[in-house]
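S.K.: got a structure for you, letters missing:
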């Protein structure tokens with residue numbers, strides 16, 4: 001009996017300790033360093049928002065080697081997270097695929113200049129700790145039958161919380 005594939009979109013967050021343990025001191029200050037550099041450009045240009053990092057690519061007034069290092073770190077964390085999620089959910093989903101993995105740091109920050117704690121919030125945004133994923137696979141049959149989307153979502157969260165500090169499910173659906 002074949003089951004309908006399930007797709008789950010979620011954000012997982014690694015603890016600072018787990019990040020440092022896995023990637024060393026390389027990752028510890030990148031969020032604060034980027035936040036400071038971005039804030040300088042935003043202040044100089046009098047922007048009313050903090051743009052996504054793509055805005056700063058190929059600009060002479062922005063440290064391109066620092067940006068390239070940050071993007072490299074984000075991709076390393078995404079690759080590692082993708083494999084960890086796949087391994088954790090193998091018992092839940094057959095043919096599991098990680099269709100998308102993107103560091104939240106590469107998206108538009110939900111922080112505004114002048115906001116209370118803006119520098120702290122921006123540094124947290126640019127931390128490589130949070131990764132947005134879209135996973136899909138067929139639920140494995142259990143003793144109680146084939147789990148529905150809600151049960152898959154609950155099991156996904158509980159399995160991933162064994163390895164991540166936080167798991168936020170954005171969407172789950174069956175095809």
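M.R.: Nice, I can see it. Owing to the predicted nature of the structure, the values given are computational and were not obtained by experimental measurement.
S.K.: Going by C-alpha atoms from here, please, whenever you check contacts or count neighbours.
M.R.: Fine.
S.K.: Would you confirm that residue 20 contacts residue 27?
M.R.: Yes: Residue 20 is within contact range of residue 27, at 6.6 Å (criterion: C-alpha atoms under 8 Å).
S.K.: Compare the two and say which is more crowded by neighbours.
M.R.: residue 27 (21 against 15; other C-alpha atoms under 10 Å).
S.K.: Now the most centrally placed residue in the chain: phi and psi?
M.R.: Of all residues in the chain, the one closest to the mean position by C-alpha atoms, centre = their mean is residue 131, 0.9 Å from it. Backbone torsions of residue 131, given as degrees, to the nearest 10, read phi -130, psi 130.
S.K.: Show me the shaky parts of this protein.
M.R.: 1-2 (pLDDT under 70).
S.K.: and if we set it to 80?
M.R.: Along the chain, the parts satisfying pLDDT under 80 run over 1-3, 25-26, 144.
S.K.: Buried ones in stretch 74-82, by neighbour count?
M.R.: 74, 75, 77, 78, 81, 82 (16 or more other C-alpha atoms under 10 Å).
S.K.: Please apply the same query to stretch 166-175.
M.R.: For stretch 166-175, using 16+ other C-alpha under 10 Å, the buried residues are 167, 169, 172, 173, 174.
S.K.: Using JSON lines, lay out those together with secondary structure and distance to residue 158.
M.R.: What follows is those, written out as JSON lines (DSSP: H, G, I helix; E, B strand; the rest coil; distance: C-alpha to C-alpha, whole Å):
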{"residue": "167", "secondary structure": "strand", "distance to residue 158": "9"}
{"residue": "169", "secondary structure": "strand", "distance to residue 158": "11"}
{"residue": "172", "secondary structure": "strand", "distance to residue 158": "15"}
{"residue": "173", "secondary structure": "strand", "distance to residue 158": "18"}
{"residue": "174", "secondary structure": "strand", "distance to residue 158": "19"}
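S.K.: pretty sure residue 102 belongs to a helix, no?
M.R.: No: assigned with DSSP: H, G, I helix; E, B strand; the rest coil, residue 102 falls outside any helix and is strand.
S.K.: what about the helices in the chain?
M.R.: 16-23, 30-45, 64-89, 118-125, 149-160 (DSSP state H).
S.K.: Let me have these in a markdown table, adding distance to residue 143 as columns.
M.R.: Below are the helices of the chain laid out as a markdown table (distance: least, C-alpha to C-alpha, whole Å):
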| stretch | distance to residue 143 |
| --- | --- |
| helix 16-23 | 34 |
| helix 30-45 | 45 |
| helix 64-89 | 18 |
| helix 118-125 | 42 |
| helix 149-160 | 13 |
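S.K.: which of those helices is buried the deepest?
M.R.: helix 118-125 (a mean of 19; mean count of other C-alpha atoms under 10 Å).
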